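Participant: using only what follows, build the 3D model:
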Amino acid sequence: MFGVIVNSLAIICGGILGLIINKGIPKRLDKSIMDGLALVVTYMGISGALKGDNPLYVIISMTVGIIIGELIDIDNLLNKLGSYLDEKLSKKNISNSDEENKISKGFVSSSLLFCVGAMAVVGSIQSGLSNDNSVLLAKSVLDGISSIFFAASMGVGVLLSSIAVFLYEGIITLGASGLSNILSTNVITYMTCVGSLLIMAMGLNMLKACDIKVANMLPAMFIPIIMGIFNII
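Facilitator: Reported below is the predicted structural model:
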């Protein structure tokens, strides 16, 4: 849980800093920093994807996982969830002030960004399975820096997203740790490979080099578990 705690604290610290400097951040600096972070994410994805020895397992995992993800259309479901939460929390009525609506918008937007992503899932699984917090720690840096800019523009609601991140990543981490006795090293390796490809896709999306529905690929990360159960890998 160390990586989960650090990730949550990074968002809080970054958010506080963003509130302090909320008088404005130059747009050019904002874009340059986000582009740099996107390159780092892409590099992390490439380096992690090269850990496996047999690309066939990665191909099978990606193909089957994408088919499942597209049939379920996870990306569309998440978009609908985000729209629903935004509508409910940001809906104006007699009891809601403009400030409360701003808090709701910041909370919903930042929670979705920090939680819905391959790094959150892959990092939490690695933390639970092998106590490897490297991805979560790297994500903490990215989220901490991002929260500075988000809090500067969206307010204190960004800090509240740390609660959602803690619960989301914590549940995945604890769930993964319960599977540690039945998962082999090979299974973990290829889960990392597949997850790293999704991280790379996120980086490319951040660079606006493409528009990949990463959410619809998330099931691919769990296909190596099935192959491990049936002794395929």
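
Participant: and the next helix or strand past the helix or strand harbouring Ile171?
Facilitator: If you go by DSSP states H and E, Ile171 is part of helix 157-177. Following helix 157-177 in sequence order, the next helix or strand is helix 185-206 (DSSP H and E).

Participant: report the mean per-residue pLDDT for the helix holding Ile171.
Facilitator: Per-region confidence: helix 157-177 scores 88 on mean pLDDT.

Participant: try stretch 222-233
Facilitator: pLDDT averaged over stretch 222-233 gives 87.

Participant: buried residues, it. List them.
Facilitator: Within stretch 222-233, the residues that count as buried by 16 or more other Cβ atoms under 10 Å are 222-225, 227-228, 233. For glycine as for every other residue, the C-beta is placed from the backbone atoms N, C-alpha and C.

Participant: which one of those is nearest to Val121?
Facilitator: Closest approach between the buried residues of stretch 222-233 and Val121, by Cβ to Cβ: Phe222, at 9.4 Å.

Participant: that closest one contacts Gly65, correct?
Facilitator: Yes: judged on Cβ atoms under 8 Å, Phe222 makes contact with Gly65 at a distance of 7.3 Å.

Participant: hmm, which two among the buried residues of stretch 222-233 are most spread apart?
Facilitator: Farthest apart among those - using Cβ to Cβ - are Phe222 and Ile233, which lie 13.3 Å from each other.

Participant: where exactly do the helices run in this structure?
Facilitator: Secondary structure of the chain (DSSP state H): helices located at 2-20, 27-49, 55-72, 74-90, 98-115, 118-130, 134-154, 157-177, 185-206, 223-229.

Participant: let me have the ones you listed in a markdown table, adding distance to Asn216 as columns.
Facilitator: Shown next, in a markdown table, are these (distance: least, Cβ to Cβ, whole Å):
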| stretch | distance to Asn216 |
| --- | --- |
| helix 2-20 | 24 |
| helix 27-49 | 17 |
| helix 55-72 | 4 |
| helix 74-90 | 5 |
| helix 98-115 | 16 |
| helix 118-130 | 12 |
| helix 134-154 | 21 |
| helix 157-177 | 18 |
| helix 185-206 | 10 |
| helix 223-229 | 14 |
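
Participant: turn the buried residues of stretch 222-233 into CSV, columns for distance to Val214.
Facilitator: Output for those, formatted as CSV (distance: Cβ to Cβ, whole Å):
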residue, distance to Val214
Phe222, 15
Ile223, 16
Pro224, 18
Ile225, 19
Met227, 22
Gly228, 23
Ile233, 24
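
Participant: which one among these gets closest to Gly178?
Facilitator: Closest to Gly178, out of all of those and judged by Cβ to Cβ, is Ile225, at 12.5 Å.

Participant: could you find the closest non-adjacent residue to that closest one?
Facilitator: The shortest distance from Ile225 to any non-neighbouring residue, by Cβ to Cβ, 6 or more residues apart in numbering, is to Val187 (6.0 Å).

Participant: again with Ile21
Facilitator: In space, Ile21 comes closest to Ala152 once its chain neighbours are excluded; the distance is 6.1 Å by Cβ to Cβ, 6+ apart.
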